[in-house]
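Colleague: this one's structure only:
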C-alpha cells in the first residue's frame with residue numbers, strides 16, 4: 001500500500017462535504033479514486049456499488065461495506081435577523097457544537113462559511129448559565145442581517161445541508177490523522193485501499209464494495225445495499241469511537257495506535273462468533289495488532305446486513321477515532337493500515353466451504 005497515495009485518498013475523502021442525504025460529492029470522489037477497480041453503479045439513495053472484476057460463477061458473494069455520510073446539520077428555519085435555526089443530522093452532544101465553523105450549501109451549490117453561535121455570556125441570566133447547552137438555543141450565523149438577505153443575497157434555502165468546516169492534516173512526526181468525517185470516510189478509503197491491494201489476485205469470493213448512504217440517521221442505505229448485493233458474507237469497515245481518553249485504563253478496548261477494533265456486540269448486532277474467531281485468529285497468526293470490544297451502545301451497518309436474506313455472517317473492522325461525532329477526529333495511520341491488512345488476509349482465505357462453516 002503506497003502511503004502517500006493512501007494519505008491523499010484519506011485527506012480528499014475527509015475534506016469533501018457529505019452529510020446524510022447529501023452524499024453526492026463523496027460519491028463522485030469515490031468514483032474518481034476507484035477508477036479501474038471495477039464497474040460502478042448507483043441507486044436512488046446514492047448508494048454506490050463497485051463490483052470487482054474476475055470470475056464469479058458459483059463463488060460466494062462478499063460485501064465490503066462502509067457508509068459515505070458524515071454527521072452534520074440541516075437548516076430548519078430562517079430567523080428575521082438573518083440567523084439560521086438548524087437540526088442535527090446524526091448524533092451530536094450539544095456542548096461540542098457552539099463556536100465552531102460550518103459551511104452551508106446554498107441553492108446554487110456554493111458552500112457559504114458560517115459559525116454555530118450561542119448567546120454570549122454577557123447576556124446570560126444566572127439560570128441560563130447553569131443550564132446544559134441545547135442545540136435548539138443555537139443558531140448558524142453567516143453574517144447576514146435579515147431573512148431577506150439570506151434568501152436574496154446568500155440564497156440559502158430551508159433544508160440546506162450544513163457540514164463542519166475542517167481541513168484534513170497529517171502529522172508525519174506522530175503518524176496521526178486529524179480531520180472531520182473519519183466516521184466513516186476512513187471506512188470508504190479502506191474499501192478502495194483493499195480493492196487496490198487485491199487487484200489481479202485469484203480469490204475464492206466475488207467482491208462488491210458498497211458505499212452506503214444515510215447510516216448516521218438509522219442505517220438506511222445499508223438496508224438497501226444488503227438487498228441488492230445479497231451477500232453470503234460481509235466485512236463492515238467503520239470509524240469507531242476510541243475510548244482511551246475517556247475510561248479507566250483497565251476498561252480501554254479501542255485505543256489509537258493499537259490496531260483495529262473487532263466488536264463482539266453492540267446495540268444492533270451480536271457478531272457471528274465463528275467469523276469473529278476466524279478474524280481474530282487470522283490477525284494473531286499474521287502479527288496484525290487487533291483489539292476486542294464489548295459495546296453496550298452504538299451500531300454499524302452490520303446491524304441490518306446480518307439480518308438480510310437468510311442471515312449473513314458479518315464482522316466489523318473498526319478504525320479507532322478519538323472524539324467521533326464532533327468537528328474534529330484524531331486517528332492513527334498505522335491503525336488504518338492494519339485494518340486493510342487484516343481485511344485482505346481474511347479475504348484471501350475465504351472460500352465457499354469456510355463460509356458455510358460460519
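Modeller: Looks like it came in fine. If you're wondering where the values come from, they're calculated on a predicted model, not measured in any experiment. Numbering: from 1, shown residues only.
Colleague: which stretches in the stretch 151-300 of the chain count as strands?
Modeller: All strands of the stretch 151-300 of the chain, identified by DSSP state E, counting those that start in this stretch, fall at 161-164, 169-171, 176-179, 206-212, 233-241, 261-265, 291-294.
Colleague: now those strands as a markdown table including mean neighbour count, mean pLDDT and distance to residue 195?
Modeller: Quick note: C-beta positions are derived from backbone N, CA and C, even for glycine. Putting the strands of the stretch 151-300 of the chain into a markdown table (neighbours: other C-beta atoms under 10 Å; pLDDT from 0 to 100; distance: least, C-beta to C-beta, whole Å) gives the following:
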| stretch | mean neighbour count | mean pLDDT | distance to residue 195 |
| --- | --- | --- | --- |
| strand 161-164 | 24 | 98 | 27 |
| strand 169-171 | 14 | 98 | 22 |
| strand 176-179 | 21 | 98 | 21 |
| strand 206-212 | 27 | 98 | 6 |
| strand 233-241 | 27 | 98 | 12 |
| strand 261-265 | 21 | 98 | 21 |
| strand 291-294 | 15 | 98 | 25 |
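Colleague: which among the ones you listed is found nearest to residue 316?
Modeller: Counting by C-beta to C-beta, residue 316 lies closest to strand 233-241 out of the strands of the stretch 151-300 of the chain; the figure is 4.5 Å.
Colleague: return the distance of the closest one from the chain's centre.
Modeller: Centroid separation for strand 233-241 versus its chain: 9 Å, with C-alpha atoms, centre = their mean, to the nearest Å.
Colleague: got the angle for it vs strand 261-265?
Modeller: Counting by axes from the mean of the first three to the mean of the last three C-alpha atoms, to 10 degrees, strand 233-241 lies at 110 degrees to strand 261-265.
Colleague: what angle separates strand 233-241 from strand 206-212?
Modeller: Angle of strand 233-241 versus strand 206-212, following the same axes, to 10 degrees, is 40 degrees.
Colleague: center of this protein, which residue is that?
Modeller: Here the mean C-alpha position of the chain is nearest to the C-alpha of residue 184 (C-alpha atoms, centre = their mean), at a distance of 1.3 Å.
Colleague: could you check how far it is from residue 113?
Modeller: For residue 184, the distance to residue 113 under the criterion C-beta to C-beta, to the nearest Å works out to 25 Å.
Colleague: go on, residue 228?
Modeller: 38 Å.
Colleague: cool, thanks, signing off.
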